[in-house]
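S.K.: Just the structure for this:
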Amino acid sequence: MAEPEPILLKYRFLFEEGIEKVFDIHLHARSCRMLKPRSDPANYPDWTRLDYKQCRNCPLSKAEYSHCPVAVNLAEVVEFFEDYPSIQTASVSVETSTRIILRKQSKLFPGLSSMIGIFMVTSGCPIMDPLRPMARFHLPFADTDETIYRAFSMYALAQCLRQAKSQEPDWNFEKLRMIYSEINTLNIDFAQRLRNDSVNEATTNAITSLDCFAQQIDFSISEDMLDEIESLFEGYL
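M.R.: Predicted coordinates:
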C-alpha cells in the first residue's frame, strides 16, 4: 500500500507593513507526527538543549536525547518572531487541503499560540503525545469551550478503542485530568525555557495562553464536567 501524502498545515502571518511569513507544517498522514525537523544539531540554539531548564516532568534522558524535540522544531518560529512584540497586530490565515480559516487583524499571540500548539503536540514529546489526535483535526483559534469539547470527545473515543482491544477503559475521565495536569506543568516549565535573551515575550505569551487552556480543562474535569453539556445530547438520552 502506497504511503499517503503528508498532511500540510500552512500558517500565513501578514503584518501591517506588508511583511508576510508562511510556516509550512508537514505531518505524517497516519501518525500525525511532525516531519522535516532541523537536521544539524550543531546549528541548534543553546536553549534547545534538553538539559537547558528541562521540564520537571520530562521523561527524556540526555543519554538518548541531546535536545528537546519541541524546542528544536520551534526554533525557526522563535527566531522569526524575536523582533515582534505580542501586541503587534497581524492577519493570520490557516490553510489545509479542504479549507482556509482567516483571523483578521488582531494581536499576534492568539495566532502564534494556535500554531505553537501544533508544534508542541506533534514533535515527539511524551507528555504532549496524548493530544496528538487533536492535531489531525486541528481547529485554529479555538476558544476554551471548543477545546474542552474536543478534548473530551477525543478521550472518549480513545476509551472505545482501548475497550475494543480488551484494555481497561477510563469512563470516569480520571486519567484525562492527570494528562492535563502534566501538560500544565510542562507549559509552565517550557515557558521558563523560552525566557532568555534570545526569545521575546510574544512567544512566551503564546505559551502562557496555551497554559490557560490546560488549566481551564483541568478545572472543568474536576467540576462535574458533563453537567453543562448534557442538554446537548438529549437525542441520545
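
S.K.: Report the residue spans of the chain with pLDDT below the cut-off.
M.R.: 1, 37-39, 86, 196-226 (pLDDT under 70).

S.K.: Tell me where it has helices.
M.R.: Assigned helices in the chain, in chain order: 69-81, 108-122, 132-136, 144-164, 174-194, 201-222 (criterion: DSSP state H).

S.K.: OK, contacts around Ile229?
M.R.: Contacts for Ile229 (CB atoms under 8 Å, 6 or more residues apart in numbering) come out as Tyr149. Placement of C-beta: from N, CA and C, glycine included.

S.K.: quick one: it and Arg33, what's the gap?
M.R.: 31 Å (CB to CB, to the nearest Å).

S.K.: Gly18 too?
M.R.: Taken as CB to CB, the span from Gly18 to Arg33 is 35 Å.

S.K.: and if you look at Ala63?
M.R.: 22 Å.

S.K.: These two - which one has more neighbours?
M.R.: Under the criterion of other CB atoms under 10 Å, the comparison of Ala63 against Arg33 puts Arg33 first, with 17 against 7.

S.K.: hang on, the more buried one packs against Leu27?
M.R.: Yes - Arg33 sits in contact with Leu27 when judged by CB atoms under 8 Å, with a separation of 6.7 Å.

S.K.: intersection of neighbour lists for the two?
M.R.: With contacts defined as CB under 8 Å, 6+ apart, the residues shared by Arg33 and Leu27 are Thr122.

S.K.: In contact with Ala151, which residues?
M.R.: So Ala151 contacts Leu131, Met134, Leu176, Tyr180, Ile217 (CB under 8 Å, 6+ apart).

S.K.: and of those, the nearest to Gln159?
M.R.: Taking CB to CB as the measure, Gln159 lies nearest Leu176 of those, at 9.4 Å.

S.K.: Output stretch 57-71 in CSV, but only the C-alpha positions, please.
M.R.: Provided in CSV are the C-alpha atoms of stretch 57-71 (Å, rounded to 0.1, in the frame of the first residue of the first chain):
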residue,chain,number,x,y,z
ASN,A,57,8.3,16.1,34.5
CYS,A,58,10.3,15.4,31.3
PRO,A,59,10.7,11.7,30.9
LEU,A,60,13.5,12.0,28.3
SER,A,61,17.1,11.3,29.2
LYS,A,62,20.2,13.2,27.9
ALA,A,63,21.8,9.9,27.1
GLU,A,64,19.2,9.4,24.3
TYR,A,65,18.2,13.0,23.5
SER,A,66,20.7,15.8,23.3
HIS,A,67,18.0,18.4,22.6
CYS,A,68,14.3,18.9,23.5
PRO,A,69,12.3,17.8,20.4
VAL,A,70,9.7,20.5,20.8
ALA,A,71,12.3,23.3,21.3
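
S.K.: Of all the residues in that stretch, which ones are buried?
M.R.: Neighbour-count burial for stretch 57-71 flags Cys58, Leu60, His67, Cys68, Pro69, Val70, Ala71 (criterion: 16 or more other CB atoms under 10 Å).
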